[in-house]
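Enquirer: My questions are about this predicted structure, shown below with the sequence.
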Amino acid sequence: MGFTFKFIIRLFLTMILSILLTPFVRLLAYKIGAVDRPNERRINKKTMPTAGGLSIFISFSVAVLWEFRDTLDMNRILPMLLGAFIIVITGLIDDIVGLSPLQKVAGEILAAVEIYFFAGIGFNTFSIPFIGSFDLGWFSLPMTILWILAITNAVNLIDGLDGLAAGVSIIALVTIGLTSYFFLPGNGVILAIMIFSLVAAIIGFFPYNFYPAAIYLGDTGALFLGFMIAIFSLQGLKNATFISVLTPMFILGVPITDTVFAMIRRHLKKQPMFSTPDKMHLHHRLLSLGFTHRGAVLTIYALALVFSLIALLMNYASTSATVLLVISTVLGIELFIELIGLVGEDRQPLMKMLKFLGNRRHRQEVMNKHKKNNKK
């Protein structure tokens, strides 16, 4: 039996296990009080079970510990699963009793430190085009922690609609898996096996989570998926280059964009970064513009696919072409963000500049107003 056939069969078994586990996890969530009750910010109108990420975590763990035990190095897998277990426990506690943002961050930092010291995953060097390579030295640990925290929480923040975080994670992981297989020398195939095992586990859970959902990922699942995406992306960043850093950032373009603009929005409104969550995230804005629940989710899937396509193109493009691609993408993101009012409907600097350049009458009015103000 060829390896490819065995690989597909094992992924199929992982998916089936996830499908079978999810109903039991749903019942368990009700038993232990891991439920999401309706409130002003929530989309759900009734109490929903959370902690669905448990079925994904268990299915993935079975896959890498048993199904692929003849292929994967357990000395590498066990420390990785320990870090994931810390994250899952942190998320599960939050789903049951609720944790403060700082308590959740503490759990995430503990998992990141474990990954750095015991799994040996982190940044070592960083290369900048036309300048050279730098050994990060003692700066390696804080850079690794910052990367893991940023990606983990970015995925967690978009978990606001049925199937949203799970679907975006599938798109991101498939892209990282393809990038690892085709562009990552050395352990690219091994990394791809782990990534697609996780994808299979998510696919098994996905029918229960897509609109209308029967169970939510919860922080248990959203933090776990974000954490795994972070450490998988770090596998290709041990000796980071300009392209290798940009690639996962573009693959995760949707959650990263939402997180960055949420930080900008709170800064402009003089709100603390860890303040009460608002209803100005990407999915909230699409709903407020008249999108249906399903339509908003599918739109964000399409955006995630566009980001993933750009990330794949970057691996083929020259450095100068990549720079132009990044600039074009950033301008496109800013224009889209201003059109949907993600930072605020009154904050549209690029739109105002384009209107100033493209509308002679408006330009004249602005210049006349500026002259009057100067005379005063």
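Expert: Perfect, I can see it now. Note that the structure is predicted; figures quoted are calculated from it, not measured. Numbers count the residues shown, from 1 in each chain.

Enquirer: did I read that right, Leu13 in a helix?
Expert: Yes: according to DSSP: H, G, I helix; E, B strand; the rest coil, Leu13 belongs to a helix.

Enquirer: all helices of the stretch 151-300 of the chain, in order?
Expert: Using DSSP state H, counting those that start in this stretch, the helices assigned to the stretch 151-300 of the chain run over residues 164-183, 188-209, 218-234, 242-251, 253-268, 282-288, 293-314.

Enquirer: where does the stretch 51-200 of the chain dip in pLDDT?
Expert: In the predicted model of the stretch 51-200 of the chain, residues 125-135, 185-186 satisfy pLDDT under 70.

Enquirer: Wait, Asp162 touches Pro207, no?
Expert: No: assessed by CB atoms under 8 Å, Asp162 is found out of contact with Pro207, at 11.2 Å. Where you see a C-beta, it was placed from the backbone N, CA and C, and this is true even at glycine.

Enquirer: that older thread, among the helices of the stretch 151-300 of the chain, which is the most enclosed?
Expert: Neighbour counts averaged per stretch over these are highest for helix 218-234, at a mean of 28; criterion: mean count of other CB atoms under 10 Å.

Enquirer: elements contacting that helix?
Expert: Using 3 or more CB pairs under 8 Å, 6 or more residues apart in numbering; DSSP states H and E as the contact definition, the elements that helix 218-234 packs against are helix 53-62, helix 74-96, helix 101-114, helix 140-157, helix 164-183, helix 188-209, helix 242-251.

Enquirer: a markdown table for those, including distance to Gly332?
Expert: Formatted as a markdown table, the entries for those read as follows, by distance: least, CB to CB, whole Å:
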| stretch | distance to Gly332 |
| --- | --- |
| helix 53-62 | 32 |
| helix 74-96 | 33 |
| helix 101-114 | 31 |
| helix 140-157 | 19 |
| helix 164-183 | 18 |
| helix 188-209 | 28 |
| helix 242-251 | 12 |
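
Enquirer: How many residues are close by the residue lying closest to Phe57 once chain neighbours are set aside?
Expert: Setting aside the residues directly before and after it, Phe57 is nearest to Val88 in space (CB to CB, 6 or more residues apart in numbering), at 5.1 Å. Here the neighbour count serves as a burial measure; for Val88 (other CB atoms under 10 Å) it reads 26.
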